[in-house]
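Enquirer: Sequence first, then the predicted structure:
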Amino acid sequence: MNVPLLLEMAAECLGDRPALGSRDAPVSYGELQHYAKNAAAQLKDIPAERIAYIGLNSSSVAVALFAAGMMGRAFAPLNYRLPDTDLGRLVARTVPSIAIIDDDMASRVPPIEGVTVLTRSQFDALAQKPVFDGSEDPVEEDGVAIVLFTSGTTGEPKAATLKHRHLVSYVISTIELGSAESDEAALVSVPPYHIAGISALLTGIYAGRRIVHLSAFSEKDWVDTVNSEGVTHAMVVPTMFQRILDEMERSKIGLPSLRHLSYGGGRMPLAVIERAMRLLPNVDFVNAYGLTETSSTIAVLVPEDHRKAFQSDDPAVKRRLGSVGKPLPHIELEVRDSEGEPVAAGVAGEIWVRGDQVSGEYIGRKALRGDGWFPTNDGGWLDEDGFLFIDGRLDDVIVRGGENISPGEIEDVLRAHPAVADVAVLGVPDQQWGERIVAAVVLKADTSEDALQQWTRRRLRSTKTPDSIFFRTALPYNDTGKVLRRVLQAEFGKSAAVAHTI
Amino acid sequence: MELKPGSRWKSAVCTTEVVVVRPPKTAVTLECGGVAMVAQNDTVPAGATIAPEHKNGTLIGKRYTDSETMLEVLCAKAGEGSLSANRQPLAIKDAKRLPSSD
């Protein structure tokens, strides 16, 4: 049971339906399968364990992903936005490999021993040559399908591995083959080295939904593409979401074809999702929580729960708009304390998961426990009805005077202030407290550090009030929408030598 | 027959092909059209005929389960025959309606 089987089954029952690309010039399921088989037939004799891919999202990524699976090689899409030296180091970690590189990026990667380089044009030409003779090589049992380098907060990125059985399990457990209406089209605007880009491709193909790739995100291009391609389904990260809403209001353009919008990959500010639900009342919203190591989604806040929370007066229901919903039916999920014991509803701890789609493995190491449980390193809690709330990465927890403080809680409070556009809260070393709390704030109206501190103090304990607040014109984000706390930490750790006492 | 997760099996009497999603708790013979299924790469024994009481068809993309042994298979190619384990017909699994999240 491997990833190419998903395409084989989709092609079997949907052969002529468009699988990828624009309405005017799509690639059908049958064609996609042929291209992948052609490429696999011509590349399989090159000694390689992995197929690395450096380039923007396109139909070539899909062809390469399936071709890799057909050859029994792992597919390793790499972050092309890294500086050349870092990118070169990642390519070297894929050796022995075939590296497919966008034509205009080829010069960025020096020749590396053990890497056979193909430009995207060369790969596309191979894929078009009908050489497939019908024979199929047996594929390794329990092979690795995808390698994704997770953004490391310290040191070199970890190479997370997802096996065919993890990805296939996720797809067949959440999607029914060919269940999409024939006019459905999904817009994928996250890069190919992001797990959501991979899972969107696989679930879209299995469902029978045409995949449209936006190779580089801009809110204007996103809105234009949704409208020109009749996009019905899309997935965005929270930072993109805000910009899209701004663009819609600025240009007074609606999204009449859009039926379904999912978001994830970071904290969604309540004000943004509420604004989206007002602007797009006919769209079904889904909040999806998942990790690279869990083959993406493990919990979802479904459209019905979005609406219930939005319309409710009951605070316990209302606050669920800030949750990530309930664990998927086939996933086991627990919140555990530091001793590993499950905690009661309402109590915070670490989120652990178990299921067929959970990998928790990396090249060279394993975080998955012997009993199949995986510690996500995310903090959170479950409410009485099983809705999951995420506090944030445990690594981001601030320990001030022996108290564990979650930055997310303080950020949510500051974000609710009318003058605050964006905020990140972090800890910096402090002689007296171990760590003290610093907030980086982007303003949209005038206010003072003192006013924000008072605002926070009134809503949370004084120990959770930021010791210092720095104002910035923007916060540093990576291109998957995650705020780069360590960049801020480096800045503030150095300069804030004087502790502000409250 | 060792019904390992991920193993592929084909019908001896029609076009049905399946993949094992969950192995059986105890050994069983997986049949299609009343005849034991064959490993994907093995040759189909000649002369087998489809049994009329196991001719209700198997649908591509559907999952079929055996309540006794918990065996679960996914149909990768449709066919005329219907699936059974030790002659007990497999049941179609209800597809969970989940909104797409990707």
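Expert: Looks like it came in fine.
Enquirer: Within range of chain A, give me the residues from chain B.
Expert: Within chain B, the residues that sit near chain A (CB under 8 Å from any CB of the partner chain) are B:5-6, B:8, B:19-21, B:41, B:60-63, B:74, B:76-78, B:95-96, B:98-102. Just so you know, the C-beta spots here come from the backbone N, C-alpha and C atoms, and that holds for glycine as well.
Enquirer: from the residues you listed, which ones fall inside strands?
Expert: Among these, DSSP state E puts B:R8, B:V19, B:V20, B:V21, B:R63, B:L74, B:A76, B:K77 in strands.
Enquirer: what's around the fifth one, how many residues?
Expert: Going back to what we said before, that points to B:R63. By other CB atoms under 10 Å in any protein chain shown, the residues close to B:R63 number 23.
Enquirer: show me what contacts the closest residue to it other than its chain neighbours?
Expert: Of all residues not flanking B:R63 in the chain, B:K93 sits nearest, at 4.0 Å (CB to CB, 6 or more residues apart in numbering or on different chains). When contacts are counted by CB atoms under 8 Å, 6 or more residues apart in numbering or on different chains, B:K93 touches B:K62, B:R63, B:Y64, B:T65, B:E72.
Enquirer: For these, give me a markdown table that also has distance to A:L255 and pLDDT.
Expert: Shown next, in a markdown table, are these (distance: CB to CB, whole Å; pLDDT from 0 to 100):
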| residue | distance to A:L255 | pLDDT |
| --- | --- | --- |
| B:K62 | 34 | 95 |
| B:R63 | 35 | 95 |
| B:Y64 | 40 | 97 |
| B:T65 | 40 | 96 |
| B:E72 | 39 | 95 |
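Enquirer: Now the buried members of those.
Expert: The neighbour-count criterion (16 or more other CB atoms under 10 Å in any protein chain shown) marks B:K62, B:R63, B:Y64, B:T65, B:E72 among the contacts of B:K93 as buried.
Enquirer: Need phi/psi at the fourth one.
Expert: Torsion angles at B:T65 (phi, psi; degrees, to the nearest 10) stand at phi -130, psi 160.
Enquirer: Double-check it against B:L90; I have them as touching.
Expert: Yes. Taking CB atoms under 8 Å as the definition, B:T65 is a contact partner of B:L90 at 6.1 Å.
Enquirer: Name the residues contacting each of these two.
Expert: Residues touching both B:T65 and B:L90 by CB under 8 Å, 6+ apart: B:L71.
Enquirer: Check chain B for the residue nearest chain A and tell me.
Expert: Using CB to the nearest CB, the single residue of chain B nearest to chain A is B:G61, 2.6 Å away.
Enquirer: Any quick ChimeraX command for the buried ones out of the residues of chain B next to chain A?
Expert: Selection of buried members from the residues of chain B next to chain A for ChimeraX, criterion 16+ other CB under 10 Å:
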select /B:5,6,8,19,20,21,60,61,62,63,74,76,77,78,98,99,100,101,102
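Enquirer: Pick the one among the contacts of B:K93 closest to A:V423.
Expert: Among these, B:R63 lies closest to A:V423 (CB to CB), at 46.0 Å.
Enquirer: Return the residues in contact with the closest one.
Expert: Per CB under 8 Å, 6+ apart, neighbours of B:R63: A:I172, B:V21, B:E72, B:V73, B:L74, B:C75, B:I92, B:K93, B:A95.
Enquirer: Over to A:E113?
Expert: A:V95.
Enquirer: Now with 10 Å, please.
Expert: A:A92, A:V95, A:P96 (CB atoms under 10 Å, 6 or more residues apart in numbering or on different chains).
Enquirer: how about the helices in the stretch 401-502 of chain A?
Expert: Using DSSP state H, counting those that start in this stretch, the helices of the stretch 401-502 of chain A run over residues A:407-415, A:449-459, A:485-495.
Enquirer: Worst mean pLDDT among those helices?
Expert: Per-stretch mean pLDDT for these is lowest at helix A:485-495 (a mean of 80).
Enquirer: So what touches that one?
Expert: Here helix A:485-495 makes contact (CB under 10 Å, 6+ apart) with A:152-154, A:392-393, A:395-396, A:407, A:424-430, A:436, A:438-440, A:468, A:470, A:472, A:475-478, A:484.
Enquirer: how about a cut-off of 6 Å?
Expert: Outside of helix A:485-495, the residues within contact range by CB atoms under 6 Å, 6 or more residues apart in numbering or on different chains are A:T153, A:A424, A:L426, A:V428, A:V438, A:A440, A:P476.
Enquirer: Now do the same for A:A496: its pLDDT.
Expert: 50.
Enquirer: Repeat that for the one 3 residues further on.
Expert: Among the per-residue scores, A:A499 shows a pLDDT of 43.
Enquirer: what about A:I146, how many neighbours?
Expert: Count around A:I146 with other CB under 10 Å applied: 28.
Enquirer: For it, give the beta-bridge partners.
Expert: Beta-bridge partners recorded for A:I146 (DSSP bridges): A:F75, A:L162.
Enquirer: Contacts only, for A:V63.
Expert: Taking CB under 6 Å, 6+ apart, we find A:V63 in contact with A:Y35, A:A36, A:A127.
Enquirer: swap in A:P192?
Expert: A:P192 is in contact with A:N57, A:V61, A:P77, counting by CB under 6 Å, 6+ apart.
Enquirer: to the chain's geometric centre, what's the distance from the helix or strand containing the second one?
Expert: Yep, that's A:V61 we're talking about. Secondary structure from DSSP states H and E places A:V61 in helix A:59-71. Distance of helix A:59-71 from the chain centroid (CA atoms, centre = their mean, to the nearest Å) equals 20 Å.
Enquirer: So which bits of chain A are right by chain B?
Expert: A:1, A:9, A:13, A:174, A:176-177, A:196, A:199-200, A:203, A:235, A:262, A:286, A:288, A:297, A:300, A:302, A:329 (CB under 6 Å from any CB of the partner chain).
Enquirer: Among those residues, which are located in strands?
Expert: Of the residues of chain A next to chain B, the ones assigned to strands by DSSP E are A:M235, A:S262, A:V286, A:A288, A:T297, A:V300.
Enquirer: Export the residues you listed as CSV, with columns for distance to A:V131, pLDDT and neighbour count.
Expert: Converted to CSV, those look like this (distance: CB to CB, whole Å; pLDDT from 0 to 100; neighbours: other CB atoms under 10 Å in any protein chain shown):
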residue, distance to A:V131, pLDDT, neighbour count
A:M235, 35, 93, 28
A:S262, 39, 95, 24
A:V286, 42, 96, 24
A:A288, 39, 95, 25
A:T297, 37, 95, 30
A:V300, 42, 96, 25
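Enquirer: Relative to A:V147, how far out is A:V283?
Expert: Applying CB to CB, to the nearest Å, one obtains 34 Å for the distance of A:V283 from A:V147.
Enquirer: and those two? which has more neighbours close in?
Expert: Between A:V283 and A:V147, counting by other CB under 10 Å, A:V147 is the more crowded of the two (25 against 17).
Enquirer: tell me the contacts of that one?
Expert: Counted by CB under 6 Å, 6+ apart, A:V147 has contacts A:A74, A:A76, A:A159, A:T161.
Enquirer: top of those by neighbour count?
Expert: A:A76 (27 neighbours).
Enquirer: wait, doesn't it sit right on A:T94?
Expert: Yes. In this structure, A:A76 is within contact of A:T94 by CB atoms under 6 Å, at 5.1 Å.
Enquirer: Which neighbours do those two have in common?
Expert: Shared contacts of A:A76 and A:T94, defined by CB under 6 Å, 6+ apart, are found at A:R50, A:A52.
Enquirer: these two touch, right, A:I410 and A:V425?
Expert: Yes. Using CB under 6 Å as the test, A:I410 is close enough to A:V425 to be in contact (4.6 Å).
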